[in-house]
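> structural data only, the sequence is not supplied:
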C-alpha cells in the first residue's frame, strides 16, 4: 500500500506529446512560505471516517550552492486510526525556481509494516537520474534514463498547479512523465474537466478548476482509475478538494487551512 501520500496529495490538451517549452511553466503559482493542511477521510462500510492529515509547505533553500525551493509534504494518520493502518510519510524536493524541475528528491514511507527510503538526484543535461534505495542498512544505486519532462512525485503536484487550463477545452489532456521508485512512468495524463464552484468544509464557496489524473497501476489505487482534483480558478491554483477510488473503499481530501498564497483567495461568501 505504498505511494498513498503522493496520490492523496498529488493531485498534486491536445498535446498527445509535449515540448520543452511546455515543460517550463510561464508562471509559478506559489511563493516561499506557503503552507496548506488537508484533512483526509476514508469511506468504509458506508461510513466516512476521519483518517489523517497531510501538510504541504514551501520555503527558500539552497542545494549544492544553487538557490531553489524546498517543497515538503508530510502525511500521517490520526492515532485513533493507527490501529487499522498507520501512516507516517514524508516527501521532499529541492526544485528549480525557474523550471520547477527537481534537483534532489527524498521519499520516506512508513505505512503499516511497510517502509521505503529513496533518494533521487536528477541530471537533466544528460537525461539521467540516480536512484538510491536505502534498505536494511544497505544502499543500492541505480541510474535510469529520464526525459526533459520527467518529475518526481512532489514536483509533479506543483507542476500541475502551474498549468494554464484556460488554454484547453474539456477533455484535453496534458502528459507528463513521473519518476517512481526505479521506473519512469511515461505519459501520465492530466485531463481538463471544466470549472465548478466548490464549498469547503468551512462552508466557504470558491470558483475551481477540475482536472483528473491517471492513477499509476500497482499502488493502493485501482487500475484504469482517475483521481479528481479541484484547484482554485486564480493565480494560486490551490488544491481545494480531491477524491479517488482505492482498492478498498474511497478517499476524500478537504483543505483545512491555507497560509501565504501568492495572491489573496477570493471566496464567494
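Yep, it's here. Keep in mind it's a predicted model, so treat the numbers as computed, not measured. Numbering: from 1, shown residues only.
> isn't residue 204 right next to residue 257, touching?
No - using C-beta atoms under 8 Å, residue 204 is not in contact with residue 257, being 11.7 Å away. In short, each C-beta sits where N, CA and C put it, glycine included.
> more crowded one of the two?
residue 204 (14 against 11; other C-beta atoms under 10 Å).
> which residues touch the more buried one?
Residue 204 makes contact with 267, 268, 269, according to C-beta atoms under 8 Å, 6 or more residues apart in numbering.
> how does it look with 7 Å?
Neighbouring residues of residue 204 by C-beta atoms under 7 Å, 6 or more residues apart in numbering: 267, 269.
> how much space separates it from residue 154?
As for residue 204, its distance to residue 154 is 27 Å (criterion: C-beta to C-beta, to the nearest Å).
> check residue 145 too.
For residue 145, the distance to residue 154 - C-beta to C-beta - is 21 Å.
> and these two? Which one has more around it.
Taking other C-beta under 10 Å, residue 145 and residue 154 do not tie; residue 154 has more neighbours (27 against 10).
> can I take it that the more buried one is in a helix?
Yes - assessed by DSSP: H, G, I helix; E, B strand; the rest coil, residue 154 belongs to a helix.
> now it. Nearest residue, chain neighbours left out?
Among residues not flanking residue 154 along the chain, residue 93 sits closest, at 4.2 Å (C-beta to C-beta, 6 or more residues apart in numbering).
> quick check: the one you found touching residue 153?
No - the pair residue 93 / residue 153 is not scored as a contact, 8.4 Å apart, by C-beta atoms under 7 Å.
> in terms of packing, which of the two has more residues around it?
Between residue 93 and residue 153, counted using other C-beta under 10 Å, residue 93 has the larger neighbour count: 29 against 26.
> for the more buried one, pull up the helix or strand it's in.
strand 88-95 (DSSP states H and E).
> show residues contacting that strand.
Applying C-beta under 7 Å, 6+ apart, the external contacts of strand 88-95 come out as 4-6, 61, 63, 68-76, 101-111, 152-155.
> ok, now with 8 Å
So strand 88-95 is contacted by 4-6, 61, 63, 68-77, 101-111, 152-155, 158 (C-beta under 8 Å, 6+ apart).
> just stretch 101-121 next, same as before
Looking at what lies outside stretch 101-121 - C-beta under 8 Å, 6+ apart - the contacts are 1-5, 23, 63-64, 66, 68, 85-96, 122, 124, 129-135, 151-155, 179, 181.
> buried sites along stretch 29-43?
If you call a residue buried by 16 or more other C-beta atoms under 10 Å, then stretch 29-43 has these buried ones: 29, 30, 34, 36, 38, 39, 40, 41, 42, 43.
> what average pLDDT does that stretch get?
Confidence for stretch 29-43, expressed as mean pLDDT, is 95.
> quote the end-to-end distance of it.
32 Å (C-alpha to C-alpha, to the nearest Å).
> below-threshold pLDDT in the stretch 151-269 of the chain: ranges please.
Scanning the stretch 151-269 of the chain for pLDDT under 70 picks out 215-225, 246-249.
> repeat that for 90
For the stretch 151-269 of the chain, the stretches flagged by pLDDT under 90 are 153-154, 156-157, 159, 174-176, 180-183, 185-190, 213-227, 243-251.
> the helices in it, which residues?
With helices called from DSSP state H, counting those that start in this stretch, the stretch 151-269 of the chain shows them at 153-161.
> can you map out the strands along it?
For the stretch 151-269 of the chain, applying DSSP state E, counting those that start in this stretch gives strands covering 173-180, 183-199, 205-214, 226-232, 239-245, 250-259.
> could you report the separation of residue 131 from residue 160?
Counting by C-beta to C-beta - residue 131 and residue 160 are separated by 23 Å.
> scratch that, residue 116 is what I was asking about
Counting by C-beta to C-beta, the gap from residue 116 to residue 160 is 23 Å.
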